[in-house]
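1. take a look and give me a structure for this.
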Amino acid sequence: MNLKYAAIALAVVTNACTAATVHAAEEKPKANVQQDRLNKLNGKALGRVIYSGATVIDGTSAAPRTGMSIIVSDDRIEAVLPSAQLSEAQKTSARVVDVTGQYVLPGLIDSHVHYATNPDRPYAEAELKRNIYGGVTGVRDMAGDARELAGLSREALLNRIPSPDVFFASLVAGPTFFKDPRTVVAALGTQPGTVPWLYSIDDKTKMPLAIAQARGTGATGMKIYANLPGPLVRKLIAEGKAQKFPVWTHMQVYPASPYDSLGASAISHVCMIARYVRESDKAAYGHSGEPSYEGLTAEDPGIKKYIAALAKSGTIMDATLSVYKTEGPRCRIELAGDITRAMHKAGIKIIAGTDTDNTGEDPFPVVDHELEKLVKYAGFTPQEAIIAATANAAEALGKQKEFGTLEAGKLANMVFVRRDPLQDIGNLRSVVLTVKRGHEFARADYKFTPLPVHED
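-> Reported below is the predicted structural model:
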């Protein structure tokens with residue numbers, strides 16, 4: 001090739017490469033700007049933070065580990081390792097938070113709340129705010145007005161309100177249930193029993209459609225509530241499994257028996273088995289006219305038979321000890337605790353659901369009381385109670401790959417407390433900092449005021 005033309009060709013190639021390099025350099029910042037904009041719109045936490053020096057209680061049965069660091073990148077846990085092993089590279093561009101002497105555990109989950117049976121946004125937001133600043137990073141709402149719940153869930157995800165993540169159920173029941181006045185309020189402006197979040201089921205219902213409609217509301221799972229025969233309950237559970245959609249149900253739906261609910265993702269209310277044993281012919285849902293539970297214990301043959309079947313099924317138990325009292329005509333907490341203890345001993349996973357309003361004067365979450373009851377009445381160790389409110393709760397939601405334990409890759413949902421909760425479960429009230437999806441909620445920033453009066 002002529003030297004003149006060779007020089008021209010080289011210049012063309014050089015200019016092309018330079019232009020490509022400049023073009024690439026220009027494009028990269030644009031891409032980053034666009035991603036940053038999307039992250040901001042989505043309320044995503046950004047940046048690297050190292051929480052250094054805490055004792056890790058990771059949500060499993062493993063022994064606590066002292067002198068640990070948790071590295072958070074944006075909204076997820078990057079690593080959990082001894083602080084002594086932190087490298088300079090890991091510290092680069094990271095904000096280091098000294099949590100020496102504190103205890104860190106996964107964010108707590110209240111597995112049974114109701115914020116929209118009678119939708120009341122000021123009350124719900126106040127309760128959710130108390131929860132997040134008290135160490136709760138997730139709640140499972142067990143059915144109400146899905147329009148309101150979807151709004152709360154979205155606002156929480158976008159970090160527009162201080163709140164745990166809100167996971168909620170879409171409810172199905174037999175046609176006769178929808179005369180209940182609560183359903184009129186939760187379906188206001190529509191006809192209860194005809195809307196996807198309060199849907200009437202009978203033997204003509206197309207089960208795949210029922211599940212699909214529930215999913216379409218934004219719900220995390222379906223709740224089976226009342227007045228359905230056993231075959232329909234079993235069909236709903238089977239279809240939920242086929243669509244990989246959690247199905248949650250009362251232990252007994254009526255006229256279906258507790259045995260028809262076996263295989264659901266989770267069941268609620270431990271003392272329903274006591275009522276079934278004493279009143280097996282009850283055909284319709286209702287709290288009135290409870291039988292006597294005098295002399296009944298978890299050693300009753302009917303209760304033992306059911307516990308064995310429940311253990312075999314793999315279904316999780318939402319005990320809700322908070323709904324049972326020390327006196328009155330209903331199943332008492334001592335019996336509820338006794339049955340929960342027997343279930344736990346049989347290997348059944350228990351979750352911490354409350355299904356009760358906390359006093360508006362209490363500055364801490366109601367789930368704290370549920371954990372104390374699991375320890376006091378069901379014989380749980382504090383560590384086992386913590387697992388009920390973390391790892392087990394995440395599994396009931398079908399979210400165990402996302403949170404529930406402190407490990408790399410999972411969402412940065414955790415709570416730091418000043419005193420050791422393994423010595424006293426009440427030490428959860430020494431909360432210093434809650435982190436949800438990487439966002440920080442310092443207890444010192446929480447100015448508690450009594451919650452608004454709420455009628456449900």
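
2. who touches Ala214 in this structure?
-> 170, 172, 196-197, 199, 221-222, 245 (C-beta atoms under 8 Å, 6 or more residues apart in numbering). To be clear about C-beta, it is placed using only N, CA and C from the backbone, and glycine gets the same treatment.

3. same question for Ala388.
-> Ala388 neighbours (C-beta under 8 Å, 6+ apart): 349-352, 371, 374, 380.

4. let me see the ranges of the helices in the stretch 151-300 of the chain.
-> Taking DSSP state H, counting those that start in this stretch as the criterion, the stretch 151-300 of the chain carries its helices at 181-186, 207-216, 230-242, 272-278.

5. looking at those helices, which is closest to Asn413?
-> Asn413 lies closest to helix 207-216 among those, at 23.7 Å (C-beta to C-beta).

6. and the closest one, what's buried?
-> Using 16 or more other C-beta atoms under 10 Å as the test for burial, helix 207-216 gives 207, 210-211, 213-215.

7. determine which two of the contacts of Ala388 are furthest apart.
-> Based on C-beta to C-beta, the longest span within the contacts of Ala388 runs between Lys349 and Leu371 and measures 15.2 Å.

8. of those two, give the one with the bigger neighbour count.
-> Leu371 (25 against 19; other C-beta atoms under 10 Å).

9. quick one, phi/psi of the closest residue to the more buried one other than its chain neighbours?
-> Among residues not flanking Leu371 along the chain, Ala385 sits closest, at 4.4 Å (C-beta to C-beta, 6 or more residues apart in numbering). For Ala385, the backbone dihedrals (degrees, to the nearest 10) come out as phi -70, psi -40.

10. was I right about Ala385 contacting Val375?
-> Yes. In terms of C-beta atoms under 8 Å, Ala385 counts as a neighbour of Val375; the distance is 5.4 Å.

11. list the contacts of Ala143.
-> By C-beta under 8 Å, 6+ apart, the neighbours of Ala143 are 114, 117, 168-171, 186, 197-198, 223, 225.

12. mind doing that once more with 10 Å?
-> Contacts for Ala143 (C-beta atoms under 10 Å, 6 or more residues apart in numbering) come out as 114, 116-117, 149, 168-173, 182-183, 186, 197-198, 219, 221-223, 225, 248.

13. re earlier: can you list the helices of the stretch 151-300 of the chain in CSV and add distance to Lys304?
-> CSV is the format used below for the helices of the stretch 151-300 of the chain (distance: least, C-beta to C-beta, whole Å):
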stretch, distance to Lys304
helix 181-186, 35
helix 207-216, 33
helix 230-242, 21
helix 272-278, 10
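
14. how many neighbours does Lys325 have?
-> So Lys325, with other C-beta under 10 Å, has 12 neighbours.

15. try the one 4 residues further on
-> Using other C-beta under 10 Å, Pro329 has 13 other residues around it.

16. look up phi and psi at Asn392.
-> phi -70, psi -40.

17. now do the contacts for it.
-> 59, 109, 111, 266, 316-318, 349-352, 384, 386, 400, 404.

18. which one of the residues you listed is nearest to Val136?
-> For the contacts of Asn392, the nearest to Val136 is Ile109 (7.0 Å; C-beta to C-beta).
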